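Asker: Turn this into a model:
(2 chains)
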Amino acid sequence: MTISVTRNEDKNETSIVINGRFDFSMNNEFRKILTDSSADGGAYLIDMGAVDDLDSSALGMLLLLRERAGGDTANIKIQRCRPDIIEMLKMANFQTMFDIS
Amino acid sequence: MRVLIAEDSSLSRSVLSSILEKYDFTVIEAVDGQDAIEKYLESDPDIILMDLMMPVLNGYDATHKIKEMAGEKFIPIIVITAMSETDALVKSVEYGADDYLSKPYNADAIHAKIIALSRIKELHENLEESRNKVEKLNEQTNSELVVAEHLYDSVLAQGRRVLPQVRQYMRPVTNFNGDILLAAHTPSGGFIVMLGDFTGHGLSAAIGAIPAAEIFYGMTRKGFSIGDIVVEMNAKLNIILPINMFCAATIIEVDQERTTINAWNGSSPDIIVTDADGNIINRIASSHAALGIMPPDKFDRKVDMLSIQGDEHIYMCSDGVLDARNSDKVKFGMDGFLSAFTDPSEECVGLNSIIERLFSFADVDEVYDDVSLIEVDLDKNIDKWHVDDFTGNNQRLEAEWSLNLSFDANGLKEVNPIPLLLNFVNGINVINGHKERIYTILSEFFTNSLDHGLLNLQSSLKSDAAGFQEYFKQREERLQNLKDGTIDVNLSQREINNCWCIIVEVIDSGPGFSAHKKDVSLDENMGYSGRGIPLVTNLCESVEYNEAGNGVKAVYALKKIS
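Answerer: Residues are numbered from 1 along each chain as shown, chains lettered A, B, ... in the order given. Just a heads-up that it's a prediction; the model follows:
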């Protein structure tokens, strides 16, 4: 269970790679990303390729990030999701709020 | 630092004392094991040097006794042995000693050992302090939880008195459930059941449960539809809950005659509908975000509608059910859940079959989330609905009165007038039992006037399930585009032939429609379009339509209800 963050200032883009079970145990690390990012955080790329499960607090964290990144104008791409993860995000109707692939 | 020396030889004692005093330690002397125990209790030293061979009580027993008396507190004891006494050393450790010193004494070695042990003692004390702090905090949290749990329970108590047709299995992860079950009858004799799953568990999860329950019971009682209820709940939770918290929910509404299920699924596992033989005939998947996420202007209240026979069962579950894992970390999942229906065991059916399947699959240690399962039996004979549930003033007002209400196109678009009408009916001082019937008459007439009179919708559309959906889609569209038109409702009480009667009159500004024709057959008006006018005709002394077909008047007698 780890999160790694890389910031590309030129592109104003933050890449977040999450590993393992995306759940409440990542709360502190995730909050740190939120406090570190400025309101004009630009684009966010979340690589979920190595995420094998997520729970409702993970959904909550994504909502926090979306709010922080400008709500309806947020530019957040959730990428490389496994099919079952996509299904879970869809059940929560997150495809209407995030760019999921 | 205070050091207790237990040594029977006065020479050895004074040698040790002088070494220790050189390092600025305060020395307390004891002459034997028994004396050591007494001095320990009297002076509470920081560390003890203990000779093993002493009169009265030897060093082993004194060590054991002191360690026992110290309990959780760490008092370092260094035993004094000769270099060769390995057995004695082993034995003293067994009796509780922490370290040893061998004769002849080396001043620096003694000092080093005392310093090292006092560090361990300090560490031990810090640990103990933190542990006490945690314990105290824990106690505080627990006592606050008890208060919150009481609050929560008293609000949800109404749900405990669940309807007989609703069976539940709820297994919280903590002593506080993040899942809530709400169930209540509607004023027209149908019922609404909601299963909510708040983010997280415990107190934080329960914060939103209290307002949600209040909205649910308040609005259900007043006759609002589930669409209205989810709109209200979402708006409230959107305000009070932090961004990262929400309530995944399934909510279903079934009418008294068991002809229709209305369902709203926001972020929850599929609602399952099974037929009389237990086969799955429908699944209602999530098509909305959870309650509390969307701002009110973006919220989607669209409800799924299904027509039913009245012999079905409905199953709802929280995602804790699907998330339960076995020891290989494989999830129970939707497939596991569905297998309880597609491949039922011989011993049990329905809810029990799911529970049995779940717990024979899952490793209890791998169940991280609250597990909630709801089964609703649609057989209306099970539902012992009593009109007493909607008690009011039983004093009957024997006087003539009349109420007139007029709704224009804008009003019809913005408010659902049915609950408003119900409030009027509730305000009428008639005997319980009549109110529900008057309400049925009113809402039936009103719906006909709106749907057929003003919106010109065709009942024939509702002849099958697909048309049924289309009907409500068209209804929504036409209502939003409605430019003009009015519906007048006149409600009055009069004495007719020595019997007090309520007269219900509904007139719309439309051109008149076929459902208001007297020759409407019973068969034609049943089926998907509901109990309709024939039921109303049965309830009333008389039902009359005007020439144009845009007005109806019913006389309902306030006779004793058998």
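Asker: Residue ranges in chain B under the pLDDT threshold?
Answerer: Along chain B, segments meeting pLDDT under 70 span B:83-84, B:155-162, B:173-177, B:200-206, B:366, B:368, B:385-398, B:427-433, B:514-532, B:560-562.
Asker: How much space separates the nearest residue to B:Pro211 once chain neighbours are set aside from chain A?
Answerer: Spatial nearest neighbour of B:Pro211, excluding adjacent residues (CB to CB, 6 or more residues apart in numbering or on different chains): B:Lys236 at 5.2 Å. The way it works is simple: take the backbone N, C-alpha and C, and place the C-beta from them, glycine included. B:Lys236 is 17 Å from chain A, where distance means CB to the nearest CB, to the nearest Å.
Asker: Tell me if I'm right that B:Lys236 and B:Gly218 touch.
Answerer: No - counting by CB atoms under 8 Å, B:Lys236 does not reach B:Gly218; the two are 11.2 Å apart.
Asker: how far away is whatever residue of the stretch 251-400 of chain B ends up closest to chain A from B:Lys67?
Answerer: Going by CB to the nearest CB, chain A is nearest to B:Ala289 of the stretch 251-400 of chain B, at 4.0 Å. B:Ala289 sits 61 Å away from B:Lys67, going by CB to CB, to the nearest Å.
Asker: which stretch of helix or strand covers the residue nearest to the spatial centre of chain B?
Answerer: Nearest to the mean C-alpha position of chain B, counting by CA atoms, centre = their mean, stands B:Ile180 at 2.0 Å. In the assignment (DSSP states H and E), B:Ile180 maps to strand B:179-185.
Asker: List the strands paired with that strand, with their directions.
Answerer: strand B:191-198 (antiparallel) (DSSP bridges).
Asker: What residue spans form the domains of chain B?
Answerer: Using automatic domain parsing, the domains assigned to chain B come out as B:2-127, B:161-377, B:391-557.
Asker: Could you provide these in TSV, with additional columns for distance to A:Arg7?
Answerer: Shown next, in TSV, are the domains of chain B (distance: least, CB to CB, whole Å):
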stretch	distance to A:Arg7
domain B:2-127	39
domain B:161-377	22
domain B:391-557	47
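Asker: Pick the most buried one from those domains.
Answerer: Ranked by mean neighbour count, these are led by domain B:161-377 with a mean of 20 (mean count of other CB atoms under 10 Å in any protein chain shown).
Asker: about what we covered before: which residues touch the strand holding B:Ile180?
Answerer: Strand B:179-185 is contacted by residues B:156, B:158-159, B:162-163, B:166, B:168, B:170, B:172, B:191-198, B:209, B:212-213, B:216-217, B:220-221, B:318, B:320, B:370, B:372, B:374, B:385, B:389 when judged by CB atoms under 8 Å, 6 or more residues apart in numbering or on different chains.
Asker: What score does A:Arg31 have for pLDDT?
Answerer: pLDDT for A:Arg31: 86.
Asker: and after the one helix or strand in chain A whose mean pLDDT sits lowest, which helix or strand comes next?
Answerer: Using mean pLDDT, DSSP states H and E, helix A:27-36 stands out as the lowest-scoring helix or strand of chain A, at a mean of 84. Beyond helix A:27-36 on the C-terminal side, the first helix or strand identified by DSSP H and E is strand A:43-54.
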